[in-house]
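Asker: okay, predicted coordinates and the sequence, questions at the end:
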Protein chains: 2
Amino acid sequence: MARTARATMKDVAALAQVSPKTVSNVVTGTVFVRPETVERVEAAMAELHFVPNLSARGLRNGRSGTIAVALPDLATPFSADLLHHIVDVAHERGFAVQIEETASEPGREEELVSRARAHLIDGLILNPIRLEDSVIEHADHLPPVVLIGEVEQQLTDRVLIDSRGAARDVTRHLIERGARRIAAVGGDDRADIATATSRLRLAGYRDALAEAGIDHDPRLEVNPFPWTTAAAAAAIDALDARGASFDAVVAFTDSLALGVLHVLNARGTRVPEDVLVTGFDDVEIAAFASPALTTVRLDRRAFAEEAFRLLEERMTERSAPPRAVTVPYEVIVRASTGGS
Amino acid sequence: MARTARATMKDVAALAQVSPKTVSNVVTGTVFVRPETVERVEAAMAELHFVPNLSARGLRNGRSGTIAVALPDLATPFSADLLHHIVDVAHERGFAVQIEETASEPGREEELVSRARAHLIDGLILNPIRLEDSVIEHADHLPPVVLIGEVEQQLTDRVLIDSRGAARDVTRHLIERGARRIAAVGGDDRADIATATSRLRLAGYRDALAEAGIDHDPRLEVNPFPWTTAAAAAAIDALDARGASFDAVVAFTDSLALGVLHVLNARGTRVPEDVLVTGFDDVEIAAFASPALTTVRLDRRAFAEEAFRLLEERMTERSAPPRAVTVPYEVIVRASTGGS
DNA sequence: CTGAAAGCGCTTACAG
DNA sequence: CTGAAAGCGCTTACAG
């Protein structure tokens, strides 16, 4: 059970009767080595179960082969799926992924930045919650950073979604289907409290109302805390307590929408006959809600790939100007708004 | 934008006018250092934005402060929630978490083992899919390993759930509520193909049937591939194609149960009046399904804590005999089987 | 309580 | 194409 002493390059070199340098050349593959030598070295590595010590390599190279991914809450279906794709892409490119969760405690983002520096992280993919700029403050001590999601600064590479446009489009869809009193679950415009997601999607929602000549009614805007299915269910009760009647609900995530659907179903309110409902993200279960949920699809794979591409480019080109990539979205119409 | 050169302990020592050793003592806090000296060193560290280089520390100590967590599929709500708790516990204890996904490709488990060794991982928490023993083969070259979930070997520390008992209990519950023809969605007993989860839960299901004097009917046992909501929906159609009528469904995960509910709802089959449905795991949305889902609750927090506790004990006690901890489960009765 | 030296396991110039 | 030496930034005995 005890771990036997690890073989080092020196051990391999001795067994293969070459110098450590030659072993290194074989392992990294950067320099041509005579085939017979390669074979001898590889046989020795196999015999000794040699695996290069990446701490040593990292110390020497200043690179660790690890990137960090920081997401607010891993248990959120959207985050989980995004992480899945990022890990997939990272492994394809030969990077390990270290995971950080930022929503659990205040100050977590700062802590992770310090951690990122300490662990010789080669890059950081960060989905910020709120204070984007705080992290960037010491950017000159940081490895390359790519921000993803709703980002409101321009100092860093970023992969964006047009949250405002998407919220506008899905609200327009509800208006086209006849809704006039549309509740916004997740909307919040308190600058110091609301997340960027909350504010941008609320703005898009109001854009659509304004276009249609509908005054927005603050009583129809409710922000569950936290953004869980349970809190969304409670939010619907809060709307009722305000006496705010509605003929549609635009929820700012699918998780929120599921809570809304649950309450409406439990009450016998029919969806879509009595109330239309939409979500955001198109997580797997959206299509299997009862009824199937109209939502905004964000391409998580594209998200992961673009983020990684920017990160790798930044690793080689530290001083290029920051770039922004926008990932497209698409409104997916399902039964919860009457189907296609 | 360019990263300025990082400060080292030598730089800090020079600025604080002490030796590098003293800086090290202040940073690690293992040896008493005079308060004035501590203050001077800390001021110097702050001024230089000093963060210790963990590659160097790892190389020197043979420890990296990082554990790896390997899960089959991060996008699964159960895995995502489990990871959330593991990350939480790990950070409390000062460990970083590196994430590995094993289901995406065959051979991933082996690859991760090699990666774990290379990255100087201090420990590995692994939720195996199938070939538990393959990973253990070279255990003497591995850091401490804790297996979690359904584990069918005894060479390693492990945190178990009594899957068979839980499946038996939830099937009993269905029988008590009057079900006689109970479909098992996720059940499979093909030794070379089925996962441990699939086989153990199927065994528990059959235990309960046998107790009640009900013969098990292979036509009622169906295993969606993969274990997604979409595949579960298709599985219900497959049952119909076989002409297998049922008055209850025991699904082996909540994700599978949601697919079952969706199909039944879409058809106008009433749950629980016409068909009873149960899930497994008690993920967040289980309580918000339509109707709310009866399921087996597994305490993910306890899972994470026990796994970490075993791992840390193993780090200090390499040669103690392997231990097993079993995490309790509980059947949560909701509307999908008629409620409490 | 603090200093000077050695070494963890790699890789990168520098020679041959 | 391969060897011998030096050094990445820490920490651990060894002295004082």
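Answerer: Received, thanks. The structure presented is a predicted model; accordingly, all values stated were derived computationally and were not measured. Residues are numbered from 1 along each chain as shown, chains lettered A, B, ... in the order given.

Asker: C-alpha from now on. contacts and neighbour counts both.
Answerer: Fine.

Asker: for A:Leu124, give me its contacts.
Answerer: By C-alpha atoms under 8 Å, 6 or more residues apart in numbering or on different chains, the residues touching A:Leu124 are A:Ile67, A:Ala68, A:Val69, A:Ala70, A:Ala116, A:Pro143, A:Pro144, A:Val145, A:Val146, A:Leu311.

Asker: assign it to helix, strand or coil.
Answerer: strand (DSSP: H, G, I helix; E, B strand; the rest coil).

Asker: which residues of the stretch 1-150 of chain A lie near DNA strand C?
Answerer: Proximity of the stretch 1-150 of chain A to DNA strand C (C-alpha under 7 Å from any atom of the strand) is limited to residues A:6-10, A:20-21, A:24-25, A:27-28, A:51-54, A:56-57, A:59-61.

Asker: and with 10 Å instead?
Answerer: A:5-13, A:19-31, A:50-63 (C-alpha under 10 Å from any atom of the strand).

Asker: buried among the residues you listed? Make that a ChimeraX selection.
Answerer: To isolate the buried ones among those in ChimeraX, judged by 16 or more other C-alpha atoms under 10 Å in any protein chain shown, type:
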select /A:6,7,8,9,11,12,13,20,22,23,24,26,27,50,51,52,53,54,55,56,57,58,59,63
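
Asker: chain B next: which of the residues of the stretch 1-150 of chain A next to DNA strand C are close?
Answerer: A:Arg6, A:Val51, A:Pro52, A:Asn53, A:Leu54, A:Ser55, A:Ala56, A:Gly58, A:Leu59 (C-alpha under 8 Å from any C-alpha of the partner chain).

Asker: run through those residues and flag the ones next to DNA strand D.
Answerer: Okay, of those touching DNA strand D (C-alpha under 10 Å from any atom of the strand), that's A:Ser55, A:Ala56, A:Gly58, A:Leu59.

Asker: narrow the residues of the stretch 1-150 of chain A next to DNA strand C to those in helices?
Answerer: Assigned to helices by DSSP state H, the following of those qualify: A:9-13, A:20-28, A:54-61.

Asker: tell me who's in contact with whichever residue of the stretch 101-250 of chain A sits closest to DNA strand C.
Answerer: Residue nearest to DNA strand C within the stretch 101-250 of chain A: A:Leu120 (13.8 Å; C-alpha to the nearest atom of the strand). Going by C-alpha under 8 Å, 6+ apart, A:Leu120 touches A:Gly58, A:Gly62, A:Arg63, A:Ser64, A:Thr66, B:Asn53, B:Leu54, B:Ser55.

Asker: how about 7 Å then?
Answerer: For A:Leu120, the contacting residues are A:Arg63, A:Ser64, B:Asn53, B:Leu54, B:Ser55, by C-alpha atoms under 7 Å, 6 or more residues apart in numbering or on different chains.

Asker: same question for A:Gly268.
Answerer: No contacts exist for A:Gly268 under C-alpha under 7 Å, 6+ apart.

Asker: ok, now with 10 Å
Answerer: A:His262, A:Asp274 (C-alpha atoms under 10 Å, 6 or more residues apart in numbering or on different chains).

Asker: hang on, the earlier thing: can you list the ones next to DNA strand D among the ones next to chain B among the residues of the stretch 1-150 of chain A next to DNA strand C in TSV and add pLDDT and distance to A:Val222?
Answerer: Compiled in TSV, those are given as follows (pLDDT from 0 to 100; distance: C-alpha to C-alpha, whole Å):
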residue	pLDDT	distance to A:Val222
A:Ser55	84	50
A:Ala56	87	53
A:Gly58	84	49
A:Leu59	86	51
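
Asker: domains of chain A?
Answerer: Split into domains by automatic domain parsing, chain A comes to A:9-52, A:66-161+A:300-328, A:163-298+A:331-337.

Asker: poorly predicted segments of chain A, please.
Answerer: Low-confidence segments of chain A, defined by pLDDT under 70: A:1-5, A:104-119, A:130-141.

Asker: could you pull out the helices for the stretch 201-340 of chain A?
Answerer: Secondary structure of the stretch 201-340 of chain A by DSSP state H, counting those that start in this stretch: the helices cover A:229-241, A:254-267, A:300-316.

Asker: which one of those is the most hemmed in?
Answerer: Each of these was assessed for mean neighbour count using mean count of other C-alpha atoms under 10 Å in any protein chain shown. The highest is helix A:254-267, with a mean of 24.

Asker: which neighbouring elements make contact with that one?
Answerer: helix A:77-92, strand A:182-185, helix A:229-241, strand A:248-251, strand A:276-278, strand A:295-298 (3 or more C-alpha pairs under 10 Å, 6 or more residues apart in numbering or on different chains; DSSP states H and E).

Asker: quick one: closest of the domains of chain A to B:Leu126.
Answerer: Smallest distance to B:Leu126 across the domains of chain A (C-alpha to C-alpha): 15.8 Å, for domain A:66-161+A:300-328.

Asker: give me the distance between the two termini of that closest one.
Answerer: In domain A:66-161+A:300-328, first residue to last residue: 28 Å (C-alpha to C-alpha, to the nearest Å).

Asker: quick one on the thing from earlier: out of the ones next to DNA strand D among the ones next to chain B among the residues of the stretch 1-150 of chain A next to DNA strand C, which is nearest to B:Ala208?
Answerer: Nearest to B:Ala208 among those, with distances taken as C-alpha to C-alpha, is A:Ser55, at 52.3 Å.

Asker: hang on, that closest one packs against A:Ile121?
Answerer: No - judged on C-alpha atoms under 10 Å, A:Ser55 makes no contact with A:Ile121 at a distance of 11.9 Å.

Asker: for chain B, what's the nearest residue on chain A?
Answerer: A:Gln98 (4.2 Å; C-alpha to the nearest C-alpha).

Asker: ok so that residue is a strand residue?
Answerer: Yes - A:Gln98: assigned to a strand according to three-state DSSP.

Asker: my guess is it meets B:Ile121, correct?
Answerer: No - A:Gln98 lies out of contact with B:Ile121 (C-alpha under 10 Å); the separation is 11.7 Å.

Asker: so A:Ala70 sits in a strand?
Answerer: Yes - counting by three-state DSSP, one finds A:Ala70 located in a strand.

Asker: distance of it relative to A:Asp299?
Answerer: In terms of C-alpha to C-alpha, A:Ala70 sits 19 Å off from A:Asp299.

Asker: and those two? Which one has more around it.
Answerer: A:Ala70 (26 against 16; other C-alpha atoms under 10 Å in any protein chain shown).

Asker: re the thing from before, the residue of the stretch 101-250 of chain A closest to DNA strand C: what secondary structure?
Answerer: Per three-state DSSP, A:Leu120 ends up coil.

Asker: returning to that earlier point: from the ones next to DNA strand D among the ones next to chain B among the residues of the stretch 1-150 of chain A next to DNA strand C, pick the one nearest DNA strand D.
Answerer: A:Leu59 (4.8 Å).

Asker: I'd assumed B:Gly58 was in contact with the closest one.
Answerer: Yes - under the contact definition of C-alpha under 10 Å, A:Leu59 touches B:Gly58, with a separation of 9.2 Å.

Asker: what is the neighbour count of A:Ser163?
Answerer: Residues near A:Ser163, counting by other C-alpha under 10 Å: 25.
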